[in-house]
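Undergrad: Generate coordinates for the sequence data below:
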Amino acid sequence: AYKSIDWLSDNGAILYTLSMHGLLSGDRDYILRFTDAIVKSCDWIKTHRTMKGHGGYEGILPAAVATDMGTRIQAVWSDGWNYKGLSAAVRLLKKIKHPRAAELECEAHDYRIAYLRALRDKCRTMPTWKDARGRKHTLVPTALSGDRRLETRHAFYLDTGPLFLVFAGLVEADDPLMHGVLDWFREGPQWKFYRRDTHCWQVPVL
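TA: Numbers count the residues shown, from 1 in each chain. So this is what the prediction gives:
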């Protein structure tokens, strides 16, 4: 009777959890038990990054469900978690001297390059906005393809949006795009309409 929505991010989040437990615990029996599943998860990412003809940016994961809204998008949340999981897996595989550690480290490196290229290309097509001092900023998207206007206006833009890329390791915290996202939440035009006594569906602010 009940079924959760399968998010594309789930593979990466589970991979991250499995890998970090191995790194933090050093439990040899645990690591032996889960190494095969960890490698298969990495291969899943590698395989789906090679998909072509899906209509979105190639070299990153194709569009799929990323939130409970059910929209199929190339979301920050999806690529962020899968890259984060892959990176943690590489650290574990290097620690145990797994024969595929170097190969998958190259995969993670290529993934980051492909994602940054796609993100910057997408941002060149995004609207701009001005803060109270007249400075112009680019509105950084929460998805690189398949997104709709509501993706940016929804609360998900705050909790699964571009700032997650810093935690994921895909974008540096001092990147101007990330500073622009912070400025959007702190002094974007939506502040003029924000009401503290209203519902959670208004455009998010910090």
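
Undergrad: From the rest of the structure, what touches the helix or strand containing Lys46?
TA: Assigned by DSSP states H and E, Lys46 belongs to helix 28-49. By C-beta atoms under 8 Å, 6 or more residues apart in numbering, the residues outside helix 28-49 that reach it are 11-12, 14-15, 18-19, 21-22, 59-62, 82, 85-86, 89-90, 92-93, 96, 98, 100, 104, 107, 111, 114. Using the backbone N, CA and C atoms, a C-beta is placed for each residue, glycine as well.

Undergrad: can we see that at 6 Å?
TA: The contact list for helix 28-49 (C-beta atoms under 6 Å, 6 or more residues apart in numbering) reads Asn11, Leu15, Leu18, Ser19, Gly22, Leu61, Asn82, Leu86, Ala89, Leu104, Glu107.

Undergrad: can you tell me which of those residues lies nearest to Trp129?
TA: Of all the contacts of helix 28-49, Trp129 sits closest to Leu61, with 28.2 Å by C-beta to C-beta.

Undergrad: wait, is the closest one part of a strand?
TA: No. Applying DSSP: H, G, I helix; E, B strand; the rest coil, one finds Leu61 to be coil, outside a strand.

Undergrad: quick one: pLDDT of it?
TA: The pLDDT attached to Leu61 in the predicted structure is 96.

Undergrad: Please read off the pLDDT at Arg149 from the model.
TA: The model's pLDDT for Arg149 equals 67.

Undergrad: what does Tyr2 give?
TA: The pLDDT attached to Tyr2 in the predicted structure is 54.

Undergrad: who's in contact with the residue positioned nearest the centre of the chain?
TA: By C-alpha atoms, centre = their mean, the mean C-alpha position of the chain lies nearest to Gly80, the distance being 2.3 Å. Neighbouring residues of Gly80 by C-beta under 6 Å, 6+ apart: Phe164, Leu165, Ala168.
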